[in-house]
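**Q** okay, sequence plus prediction incoming.
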Amino acid sequence: MNPTATVDMSPSPDFHGNGGMLKEKQSAWERAKHNAVLCTDITGLSDPKRMVPILQWLPQYNKEKLVGDAIAGITVGLMVVPQAIAYANLAGLPPVYGLYAAFMGVFTYAIFGTAKDVTVGPTALMSLIVAESFTELDHPPAGLTNECNDIQSFDYCCKDGDDFACTPVHLAVAATLMSGILQICMGFLNFGAIVNFIGFPVFNGFTTAAAVTIATSQLRHIFGLSDIHGHWPLTVRDLFTQIHTTRYQDVLMGLACIILSWVLEKVKAEYTDRRKFSRTEYAWWLAGTARNAIVVVLALIAARIVAATDAGDEVFRLVYDIPAGVPSPEDPLKDISSSELNEVLVASVAIALLGYLESIAIGKSFAQKNGYELDPTQEMRAIGYASVIGSFFLSYPITGSFSRTAVNSASAVATPLGGVFTGVCVIISLEVLTPAFYYIPKAALAAIIIMSVVHMIDIPEVRRIARVNPQDMIVWLTSFLACLLWSLEYGILLAIVVSACLTLYNQSVQKLGRLRREEEIGIWVIDPDFTTEGLNSIWAPQFVEGTSAAHPLVVKLEGDISFTMANTFKDRMSSIAREYQSEDEVRALVVDMSGVVRIDYSGVLALEAVLQIFKPGCVHREATGGEIRTVKGESAALKKGDNYTQNVRGIRVHLAHVMPGPLAVLSSAGLLHGNVSRGQWKVELHATVDMAVQSLEGDFAAVKAKWPFAWMVPSKLAKFYEKDALEDGREEEPPKKWRCFESKKIPKRWVRSDDNLKLSVV
């Protein structure tokens with residue numbers, strides 16, 4: 001600022017008139033407009049290209065990218081058709097609803113998505129959540145009036161005694177709409193970062209439990225069993241109790257499909273890096289990539305051949321009829337009652353959060369692998385748009401698929417437009433191929449699902465979690481067992497709560513260690529013989545042993561000074577004060593604060609209390625036995641439990657290595673650089689521990705020069721020491737002495753007087 005500049009503090013001429021009010025309104029309007037612009041910048045509303053990402057890459061689109069997208073999209077299309085039918089079966093829905101969920105979402109995501117590799121649609125995880133949320137577990141669905149072999153309505157299709165695994169379609173479709181709306185709203189509120197509160201052990205335990213649940217639920221189709229409960233413990237029970245009814249035809253079909261899928265998966269892995277060398281190797285890689293389609297086609301051919309014999313179409317449990325054609329747009333909520341709406345809303349919250357979590361985890365992984373940026377907030381909105389629009393075409397909840405995204409990336413997709421070609425493949429299947437789907441064995445679909453989810457079980461990663469951090473293993477086990485034995489929604493919530501509790505516990509762990517200087521290397525290190533963790537409950541005498549003004553107590557504090565540890569911090573400092581304060585000299589406590597990253601208001605109150613304890617003055621003590629006190633000129637040893645008082649000189653607090661966050665808090669709380677003459681016993685700041693120690697001599701001298709302080713209340717014993725009162729160190733002639741004075745008008749305090757006891761109140 002220019003030192004010669006002046007500021008006009010006179011009121012404006014129109015301050016009280018309309019002009020002044022107009023200026024005030026304008027300034028308020030400007031502030032509101034600034035806040036609105038800031039909000040739109042954060043959420044992306046001010047940038048059309050961020051809201052509609054296709055506007056960013058479409059102007060640079062060319063023929064080369066079109067060819068890459070077409071190849072990748074068709075390759076994924078060969079994979080998604082059999083997967084969609086299988087996942088609908090897992091969700092307890094008629095097979096056609098898997099195809100309904102597979103085409104409109106990819107069209108929408110191509111416009112609003114930011115990850116070129118991600119392909120959305122039905123997934124094993126979303127299918128399982130739908131089945132757990134809406135399946136009628138105790139009785140056949142209401143409104144079931146026809147059998148699947150005489151289909152008039154596809155709302156319910158409970159063939160082969162699967163009454164206990166039927167999902168009301170209208171609830172699943174309504175959940176797609178509601179979860180999409182929630183995702184869009186959270187996207188506009190910039191809630192994309194909410195996934196940061198779900199740690200990897202929570203999500204990994206959840207996905208592992210989901211994989212085990214999915215694989216176990218599909219064993220009923222492998223063994224050809226009926227009336228198997230959907231809840232995992234009951235599924236295991238029913239599998240064992242009904243194993244005697246196993247259909248060997250379905251077992252042979254299922255095992256053959258699993259083995260074929262495994263072999264083709266190995267073929268794909270073998271030719272992934274070699275597919276560009278020749279057409280033959282590319283063909284082998286493509287066969288491995290499209291293994292689901294190959295498995296389904298071969299199983300379909302086998303079932304059709306068997307059906308042409310005298311055995312008929314009852315040899316294998318089949319998918320049976322699938323209606324042809326793309327569905328017409330419908331209101332997703334047309335058949336929802338008020339009671340069902342509450343059920344849908346509860347399920348939609350879990351679907352929205354878990355669907356976004358799955359998609360963003362996949363998107364981030366492939367964005368990092370392929371070197372491009374992903375917008376988490378826009379991804380949440382994109383999944384929401386895809387769900388909302390898809391719900392009008394009878395889609396059940398969708399999200400990003402890991403297996404199809406991996407194939408999409410490996411096929412060198414160039415832009416999100418590859419999803420359009422995938423959607424076209426699904427539409428062609430709905431229009432042309434549905435009559436052939438009649439003969440797809442359910443055992444083949446179960447094999448596809450099992451081989452898809454087996455990769456979700458990552459045993460080496462679980463071992464690594466246990467090896468790196470046992471607390472994370474506790475969280476993983478909580479997530480896995482609760483999701484497996486209870487339910488996916490409540491299981492993951494319980495795991496999040498356990499994770500939060502452990503985080504709070506870790507934040508409440510505060511370590512205090514005494515430092516000693518290693519002269520050879522010139523640094524301060526923690527002395528292992530002096531830490532609060534290694535000492536018993538009466539640790540303070542040992543902790544301050546050998547310290548004095550000449551050898552100050554230097555400690556390191558690790559852990560936040562927050563509400564969780566405020567009382568512990570205060571108690572530890574009180575114990576130090578009891579053993580460290582002296583009647584003969586001022587002491588200092590040097591604290592290395594490099595391990596403290598946060599101080600909250602409770603921590604500030606604790607610091608203020610500690611500074612009050614460290615102030616010089618009268619301190620009431622309870623004798624531990626052996627203390628020598630002088631009363632009226634006579635010395636005597638005190639017994640344990642006797643009360644006595646001390647006029648201590650105080651402990652000065654010097655902080656080193658204070659981080660920016662705690663520094664701002666200390667400054668705002670007014671705890672820095674007090675005037676000791678006025679009773680402001682506050683902390684001193686230093687850049688390093690060495691600088692703090694070097695400054696102590698000057699600080700001691702400044703404090704001693706003012707001792708005893710006029711504001712310091714003497715102890716009751718002080719009035720017996722008038723003949724031995726301390727001489728004032730200030731240059732006065734004749735010198736005066738500090739004495740304790742008390743009268744009816746003047747409370748007990750330190751005063752200065754000459755030898756004639758002429759009092760001078762300070």
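**A** Sure, I can see it. Numbering: from 1, shown residues only.

**Q** nearest residue to V212 in space, ignoring adjacent ones along the chain?
**A** Spatial nearest neighbour of V212, excluding adjacent residues (Cβ to Cβ, 6 or more residues apart in numbering): L484 at 6.1 Å. No exception for glycine: its C-beta is placed from N, CA and C like everyone else's.

**Q** from I243, how far off is that neighbour?
**A** Distance of L484 to I243, given as Cβ to Cβ, to the nearest Å: 21 Å.

**Q** neighbour count for those two, which is higher?
**A** For L484 versus I243, neighbours defined as other Cβ atoms under 10 Å are more numerous around L484 (21 against 11).

**Q** and the pLDDT for that one?
**A** Here, the pLDDT recorded for L484 equals 89.

**Q** double-check that it belongs to a helix.
**A** Yes. Counting by DSSP: H, G, I helix; E, B strand; the rest coil, L484 falls inside a helix.

**Q** pretty sure V319 contacts P95?
**A** Yes. Between V319 and P95 there is a contact under Cβ atoms under 8 Å: 5.1 Å.

**Q** which neighbours do those two share?
**A** Counting by Cβ atoms under 8 Å, 6 or more residues apart in numbering, the residues touching both V319 and P95 are 85, 89, 437, 440.

**Q** neighbours of the last one, how many?
**A** In other words, I440. I440: 25 neighbours (other Cβ under 10 Å).

**Q** that one contacts A299, correct?
**A** Yes. Between I440 and A299 there is a contact at 6.7 Å, judged by Cβ under 8 Å.

**Q** farthest-separated two in the shared contacts of V319 and P95?
**A** The span of the shared contacts of V319 and P95, defined through Cβ to Cβ, is set by N89 and F437 at 11.7 Å.

**Q** what's the closest of the shared contacts of V319 and P95 to S602?
**A** If you rank the shared contacts of V319 and P95 by distance to S602 using Cβ to Cβ, N89 comes first, at 54.9 Å.

**Q** more crowded one of N89 and F437?
**A** Higher neighbour count among N89 and F437: N89, with 27 against 23, using other Cβ under 10 Å.

**Q** shouldn't that one be within a helix?
**A** Yes. N89 forms part of a helix when assessed by three-state DSSP.

**Q** my guess is it contacts A443. True?
**A** No. Distance between N89 and A443: 10.9 Å, which falls outside the contact criterion (Cβ under 8 Å).

**Q** now for those two: what residues contact both?
**A** Common neighbours of N89 and A443 (Cβ under 8 Å, 6+ apart) are H221.

**Q** from S403, how far off is the most centrally placed residue in the chain?
**A** The centre of the chain sits closest to F197, judged by Cα atoms, centre = their mean, with a distance of 1.5 Å. Plainly put, F197 is 27 Å away from S403 if you go by Cβ to Cβ.

**Q** what packs against the helix or strand containing E608?
**A** If you go by DSSP states H and E, E608 is part of helix 601-614. Helix 601-614 sits against helix 566-580, strand 651-656, helix 660-668, with contacts defined as 3 or more Cβ pairs under 8 Å, 6 or more residues apart in numbering; DSSP states H and E.

**Q** what's the angle between the shortest one and helix 566-580?
**A** Here strand 651-656 runs at an angle of 120 degrees relative to helix 566-580 (axes from the mean of the first three to the mean of the last three Cα atoms, to 10 degrees).

**Q** now do strand 651-656: which elements does it pack against?
**A** On a contact count with 3+ Cβ pairs under 8 Å, 6+ apart, strand 651-656 meets helix 566-580, strand 587-595, helix 601-614, strand 683-686, helix 689-694, helix 696-704.

**Q** nearest to S395, out of the ones you listed?
**A** S395 lies closest to helix 601-614 among these, at 49.2 Å (Cβ to Cβ).

**Q** list the buried residues in that closest one.
**A** 602-604, 606-607, 609-611, 613-614 (16 or more other Cβ atoms under 10 Å).
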